[in-house]
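J.: I'd like to go over a predicted model; first the sequence, then the structure.
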Number of protein chains: 2
Amino acid sequence: MPLAVLERAQRDMLDWNGSGASVMEQSHRGKRFGELAAQTEADLRQLMAIPDDYAVLFLQGGATQHFAQIPMNLAAADGSADYLITGHWGEKAASEAAPYVRVNVAASSKAQNYLRMPPREEWQLDPNAAYVHYTSNETIHGVEYHDIPDVGDVPLVADMSSNILSEPIDVSRFGLIYAGAQKNIGPAGFVVMVMRRDLLQRATRPMARILRYAEHAAAGSMLNTPNTWGWYITGLTLQWLKEQGGLAAMAERNRVKAETLYRAIDGSGGYYRNPVDVAARSRMNVPFTLHDSTLDAVFLQESEAAGLMALKGHKALGGMRASLYNAVPPEAVEALTGFMQDFAKRHG
Amino acid sequence: MPLAVLERAQRDMLDWNGSGASVMEQSHRGKRFGELAAQTEADLRQLMAIPDDYAVLFLQGGATQHFAQIPMNLAAADGSADYLITGHWGEKAASEAAPYVRVNVAASSKAQNYLRMPPREEWQLDPNAAYVHYTSNETIHGVEYHDIPDVGDVPLVADMSSNILSEPIDVSRFGLIYAGAQKNIGPAGFVVMVMRRDLLQRATRPMARILRYAEHAAAGSMLNTPNTWGWYITGLTLQWLKEQGGLAAMAERNRVKAETLYRAIDGSGGYYRNPVDVAARSRMNVPFTLHDSTLDAVFLQESEAAGLMALKGHKALGGMRASLYNAVPPEAVEALTGFMQDFAKRHG
């Protein structure tokens, strides 16, 4: 998370916004919190250039809960939906959806170990699908769509948990965008959703009000007590993004960060390796291996001692993984690549 | 929230537990957060004397989501459940459950405007119900059960959102206890659940893994990324409760606070009134009216100027409401009753 956001949260802890109390102690129905909520939505709308015919929702449950809730809301009980699967999170989205919609795996790169994108000409899209779901960036496998998939008139649903706000996107191409906030926004337990308003009316099966997106939209995301702390930290992060120059500036910064790291890997003469097809490489998550995996533990130990955190790869893949989310400054990537070069020399 | 908790959170913000980063930046799978998680569960088990055959879950979605999720997990699709309704939240629990279970309103005091408890001899309990649900304290109506309802062998499910941890209870009398954390624990968007382990096997209908309590229990409440900040603040609050002497000490403190306020109301010669049957009065939420409602606005304005916050009653009832949660110190109640007496003199 950006240092400026944490410092502000620290300063505000005992007396937020002149209230004499913490933001956690504010009533979400109060005037002060209402202003925070409205400002956060306005900032998100401005940063992402969200058209007026899209609702913005602030929810709970992480992306995983919405893997289940999206089919409840967007598909009829006897409907089907298309899933494009390019990694762990896409698999999970499909499996959590399966109790609520007939899942059609329209494309998958599982047989290629998720090292490339399934070629567009092989996708088996159903024009009658309730929606097409995809994961814009796969955190564990380090693969990312660099263009918005063209799926015709069927509403496109994107899990953007790990690359939301990393670059400008054309929101009007989507039916629904959602993201667990803990990757590229900040606080865990908070979900940002952007949904075309006409789709709010799709939910026809019997279900609790609390699970209906239309009810959350009608209640300004205060159908029940929201995660007020998550909302607040998200608001601070959006302000920080605006101060940084918005998403175009972040996109450029993220491009340079990713290029720096991939160049260090590809230029290491095989000492380090990233196996992902170049066209599918993620700007956010860069898994890499050492030429000799017996050095993994030493690499992790020395990198942590050098102040480089959380480089251990996901247990499904092993090796290393560097995450280059918005809050990671370019200097941290320079420090990492410097360390990698030095490590290769010392342990060559 | 206790000042000590906020001060600690402020101190830890940039460097939690020697990690060099905020608790919000920790991986929930990391060693440090794992220790926090385990300590929080251990502290809750100690404070509430939770038997080993009960699972402790830390979840999201507020109590409202669990109004819907509890019937999904505890009842068969063609089953029924008994609801005891003593206020707004009980009504809501029943209405959110209705899409998932046949709701039998076994007792209700709605016809009495929720001013008293429905007499035990009038309850229409069904021995074949999947569970009996009740709301141990009604936040808006200010009514509270002072004994655990005797419902025989049917599992008893309690929404304790607004009085959990306010006094010692016999957990073994319950099938499931749950609470949104934002009333008596601290952070909104965090849910504490205590569930008899045998009930984890009750969920038979098709549903997503993320909605199954058994899956959360098996994953140590880390089936997906939890609300780590909520978990952390809850942990600090439990430590504070232990330092205060635990739940027996809180119960005594809460008894004195409530007595002080009710005495000021009942002893005001009708200037202030609480309409709730004395046997059903809440120790946590005390609604009261002024003898002349045209003074309401003046009372709210002057009380806020005197540093007494959030006394406006819920819109459903009007008037005033004082909340006496654990974190409210006895001195704040003395200040309120002093203000009330002074106000009555000045505006007599």
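T.: Alright, I've got the coordinates.

J.: give me the pLDDT for whatever residue of the stretch 201-348 of chain A ends up closest to chain B.
T.: Nearest residue of the stretch 201-348 of chain A to chain B, counting by C-beta to the nearest C-beta: A:Asn227, 2.8 Å away. Glycine gets a C-beta too; all of them are placed from N, C-alpha and C. Looking at A:Asn227, its pLDDT stands at 97.

J.: correct me, but it touches B:Thr228?
T.: No - A:Asn227 lies out of contact with B:Thr228 (C-beta atoms under 8 Å); the separation is 11.5 Å.

J.: more crowded one of those two?
T.: Set side by side, A:Asn227 and B:Thr228 show more neighbours around A:Asn227, with 31 against 25, by other C-beta atoms under 10 Å in any protein chain shown.

J.: gap between the more buried one and A:Gly30?
T.: 16 Å (C-beta to C-beta, to the nearest Å).

J.: name the SS class of the residue in the stretch 1-150 of chain A that chain B sits nearest to, please.
T.: Closest contact between the stretch 1-150 of chain A and chain B, by C-beta to the nearest C-beta, is at A:Ala68 (3.4 Å). Classification of A:Ala68 by DSSP: H, G, I helix; E, B strand; the rest coil places it in helix.

J.: tell me how many other residues crowd it.
T.: 24.

J.: give the contact list for it.
T.: A:96-97, A:99-100, B:207-208, B:210-211 (C-beta atoms under 8 Å, 6 or more residues apart in numbering or on different chains).

J.: out of the residues you listed, which sit inside helices?
T.: Among those, the members falling in helices (DSSP state H) are A:96-97.

J.: before we move on, back to that, need the overlap of contacts for A:Asn227 and B:Thr228.
T.: Any residue near both A:Asn227 and B:Thr228 by C-beta under 8 Å, 6+ apart counts here, and that gives A:187, A:189.

J.: residues from the stretch 1-150 of chain A in reach of chain B?
T.: The stretch 1-150 of chain A comes close to chain B at residues A:1, A:3, A:6-7, A:9-10, A:13-14, A:20-22, A:24-25, A:27-28, A:60-65, A:67-68, A:95-97, A:99-100, as judged by C-beta under 8 Å from any C-beta of the partner chain.

J.: which among those residues end up buried?
T.: For these, a burial check counting by 16 or more other C-beta atoms under 10 Å in any protein chain shown picks out A:1, A:6, A:9-10, A:13, A:21-22, A:24-25, A:28, A:60-65, A:67-68, A:96-97, A:99-100.

J.: what distance do you get for the residue most central in space within chain A to A:Tyr232?
T.: Geometric centre of chain A, nearest residue: A:Ser161, 1.7 Å, by C-alpha atoms, centre = their mean. A:Ser161 sits 20 Å away from A:Tyr232, going by C-beta to C-beta.

J.: chain A: strands as residue ranges?
T.: A:54-59, A:80-85, A:102-108, A:132-135, A:137-138, A:143-144, A:156-159, A:176-180, A:191-196, A:272-273, A:285-290, A:320-323 (DSSP state E).

J.: okay if I get the ones you listed as TSV plus mean pLDDT and mean neighbour count?
T.: Output for the strands of chain A, formatted as TSV (pLDDT from 0 to 100; neighbours: other C-beta atoms under 10 Å in any protein chain shown):
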stretch	mean pLDDT	mean neighbour count
strand A:54-59	98	22
strand A:80-85	98	24
strand A:102-108	98	19
strand A:132-135	98	26
strand A:137-138	98	28
strand A:143-144	98	25
strand A:156-159	98	25
strand A:176-180	98	25
strand A:191-196	98	24
strand A:272-273	97	19
strand A:285-290	96	23
strand A:320-323	95	22
